[in-house]
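In: just coords:
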């Protein structure tokens, strides 16, 4: 509960920040509170303030590219820190679903988290050849999906901004 969703002026998600940073943005009149945590307050010696959950920046911030950088860390995060073949969380590495020797590229849709045991078993073969299956098909996460993954929790008051379809259903 110590994170705050930051929205652009048009209500699109920008990032997640600390409660302290959100309060500073509000105090400096650079942001407005959209949603607060009920039953919690920020206090100074003489004043109480709403505990922010969602804030909106007052002036539009143009972000040219909202892509997720492909890195080992982000692949592990996308896959939930689990081997995509057996589900273990120990001794994790990265595996090319289609081996590089067979034309496989280093892309979001071809890289998965794998434990050393499964990676060795699969080796330089295709999944069909060794009789292995993926727990879930690897996909390139959208910026919103990645933002959800980074928060560590799914907060209901963030739903209308991170998942408009869920909010209207």
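Out: The structure has been received and is ready for your questions. Just so we're clear, the structure is a prediction, and the values are computed from it rather than from any experiment.
In: buried residues in the top strand by length along the chain?
Out: Ordering each strand of the chain by length in residues (DSSP state E) puts strand 31-43 first. Neighbour counts over strand 31-43 (16 or more other CB atoms under 10 Å) mark 31, 33, 34, 35, 36, 37, 42 as buried. Backbone N, C-alpha and C define where each C-beta goes, glycine included.
In: Take those and lay them out in TSV including pLDDT and distance to residue 83.
Out: Shown next, in TSV, are those (pLDDT from 0 to 100; distance: CB to CB, whole Å):
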residue	pLDDT	distance to residue 83
31	97	41
33	96	42
34	95	39
35	93	37
36	92	40
37	91	36
42	91	42
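In: Centre of the chain to the longest strand of the chain, how far?
Out: 23 Å (CA atoms, centre = their mean, to the nearest Å).
In: what comes into contact with it?
Out: Contact partners of strand 31-43, identified using CB atoms under 8 Å, 6 or more residues apart in numbering, comprise 1, 6-7, 19, 22-23, 25-26, 48-58, 157-158.
In: List buried residues within those residues.
Out: Buried members of those, scored by 16+ other CB under 10 Å, are 6-7, 19, 22-23, 25-26, 51-57, 158.
In: Show me the shaky parts of the chain.
Out: Residue ranges of the chain with pLDDT under 70: 1, 65-66, 144, 148-154, 163-169.
In: hmm, 90 instead?
Out: 1-5, 12-18, 44, 61-69, 77, 141-169 (pLDDT under 90).
In: follow-up on the earlier one: so which of the buried ones among the contacts of strand 31-43 sit within strands?
Out: Using DSSP E, the buried ones among the contacts of strand 31-43 in strands are 6, 7, 51, 52, 53, 54, 55, 56, 57.
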